[in-house]
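Peer 1: Build the 3D model from these lines:
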Amino acid sequence: MTPDPASEVSVSAPTEERHPDTRRIDSMSTLELLTVLNREDATVAAAVGAVLPVLAEAVEETVARIRAGGSVHYFGAGTSGRLAVIDAAELRPTFNAPEGLFVAHHAGGAEALVEAVENVEDDEGSGAREAALVMAADVAVGLTASGRTPYVRGALQTARANGALTLLLTANPQAQLAHLADYLLAADTGPEVITGSTRLKAGTAQKLLLNSYSTAVMVRLGRTWSNLMVDVVATNAKLRGRVLRILREASGVDEASAREALQAADGELKPALLSLLAEITAAEARVLLEEHRGSVAEAMKGHDATTGEPAGC
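Peer 2: Here you go, the predicted structure:
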């Protein structure tokens, strides 16, 4: 039987506990206050680091799902949901992630992104309805600092029933929703400087986890060459200049040669880069990339294995 959300108010999460070192925060000097905030922020990276082994497994499973045709769906409310929206939105310009590959569902919809909308996080049915489109090949990621948000519960229950892989990002190691997750990513950030204000350490931890998760997925999918963004979408003058710089940096050619390669590849960076690295035509580069799931590194290995030449970088 699903617990009544109202009955959970009395159940404390670590983020709801009072921090013993910040009880006099309102009488501190501004510098003292900022120092306390900074000191607490410095603990977040270690809390995230503690769950990296679990995150690594989740990334590998996510990559396998995506390669099998699946997609990733984020579900969150309040700060958690807003962070998820940002992460999903930034993957397209950074990695040219296909539309629909990462989808963020925020309790209360677009209105709740800029204004607090009452009770939407308590709407378990809304989470369930939004997760109805999550299929067995997909991944559902629930985000809740307290580990008990009803909206997220509804989403994970439905996604799990549909056969999807489920992840839970939380600041509560004893999260009530842990049983709904195949992978529990609980960064133990402890009490907040301002009691219950999860936009602070808990939010920072979720931001770091989302950054690490989605970036690692993109790298494993071959959307970088070395540490360069070779799938970046050149939608403005700044990005067109970046594409040219990346091509020159990755291949070592002069500007004229880089522009010529880009023109031959219809402005697309990856086939232009592979054509320069492997000394083949842009058309041949496209075929190799298609054969190796869009990975420049794997395409180079395939080309070198065929020609018997050592791999270049």
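Peer 1: residue boundaries of the helices in the stretch 101-250 of the chain?
Peer 2: Using DSSP state H, counting those that start in this stretch, the helices of the stretch 101-250 of the chain run over 111-114, 124-130, 150-161, 201-220, 237-251.
Peer 1: Any chance of a markdown table for these, columns distance to Arg82 and mean neighbour count?
Peer 2: Placement of C-beta: from N, CA and C, glycine included. Formatted as a markdown table, the helices of the stretch 101-250 of the chain follow (distance: least, CB to CB, whole Å; neighbours: other CB atoms under 10 Å):
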| stretch | distance to Arg82 | mean neighbour count |
| --- | --- | --- |
| helix 111-114 | 6 | 13 |
| helix 124-130 | 16 | 19 |
| helix 150-161 | 13 | 25 |
| helix 201-220 | 9 | 22 |
| helix 237-251 | 25 | 16 |
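Peer 1: Output those helices in CSV, with distance to Gly81 appended to each entry.
Peer 2: Shown next, in CSV, are those (distance: least, CB to CB, whole Å):
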stretch, distance to Gly81
helix 111-114, 7
helix 124-130, 11
helix 150-161, 8
helix 201-220, 10
helix 237-251, 28
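Peer 1: and of the ones you listed, who's closest to Leu37?
Peer 2: helix 201-220 (9.4 Å; CB to CB).
Peer 1: low pLDDT regions in the chain?
Peer 2: Regions of the chain meeting the criterion pLDDT under 70 cover residues 1-11, 305, 307-313.
Peer 1: and the residue nearest to the spatial centre of it, what is it in contact with?
Peer 2: A centroid search over the chain (CA atoms, centre = their mean) returns Ser214, at 3.2 Å, as the residue closest to the centre. Each residue near Ser214 by CB atoms under 8 Å, 6 or more residues apart in numbering is listed here: 72, 87-88, 91, 102.
Peer 1: before we move on, what about Leu101?
Peer 2: By CB under 8 Å, 6+ apart, the contact list for Leu101 reads 66, 71-72, 91.
Peer 1: and which of these is nearest Arg293?
Peer 2: Lowest distance from Arg293 to the contacts of Leu101 (CB to CB) belongs to Ile66, with 10.2 Å.
Peer 1: so the closest one makes contact with Val72?
Peer 2: Yes - assessed by CB atoms under 8 Å, Ile66 is found in contact with Val72 at 7.3 Å.
Peer 1: Would you mind listing the residues touching both of those two?
Peer 2: Listed contacts common to Ile66 and Val72 are 101, 139, 217; contacts here mean CB under 8 Å, 6+ apart.
Peer 1: out of those residues, which one sits closest to Thr235?
Peer 2: Leu101 (17.6 Å).
Peer 1: Mark which of the contacts of Ser214 are part of strands, please.
Peer 2: 72, 102 (DSSP state E).
Peer 1: possible to save the contacts of Ser214 as CSV with neighbour count and distance to Asp304?
Peer 2: Formatted as CSV, those follow (neighbours: other CB atoms under 10 Å; distance: CB to CB, whole Å):
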residue, neighbour count, distance to Asp304
Val72, 27, 32
Asp87, 23, 35
Ala88, 22, 36
Leu91, 20, 30
Phe102, 27, 32
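Peer 1: Can I get the contacts of Ser214 in TSV including distance to Arg245?
Peer 2: Listed next are the contacts of Ser214 as TSV, based on distance: CB to CB, whole Å:
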residue	distance to Arg245
Val72	30
Asp87	25
Ala88	27
Leu91	21
Phe102	26
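Peer 1: Pick out whichever of the contacts of Ser214 sits closest to His19.
Peer 2: Set against His19, the nearest of the contacts of Ser214 by CB to CB is Asp87 (27.4 Å).
Peer 1: wait, what's in contact with the closest one?
Peer 2: Counting by CB under 8 Å, 6+ apart, Asp87 touches 74, 102, 104, 207, 210-211, 214.
Peer 1: Quickly note the distance from the residue nearest to the centre of the chain to Glu291.
Peer 2: 26 Å (CB to CB, to the nearest Å).
Peer 1: in this protein, which spans are strands?
Peer 2: According to DSSP E, the strands that the chain contains are 72-76, 102-106, 139-143, 165-170, 183-186.
Peer 1: Comparing those, which stretch has the densest surroundings?
Peer 2: When you average the neighbours per residue for each of the strands of the chain (mean count of other CB atoms under 10 Å), strand 139-143 leads with a mean of 30.
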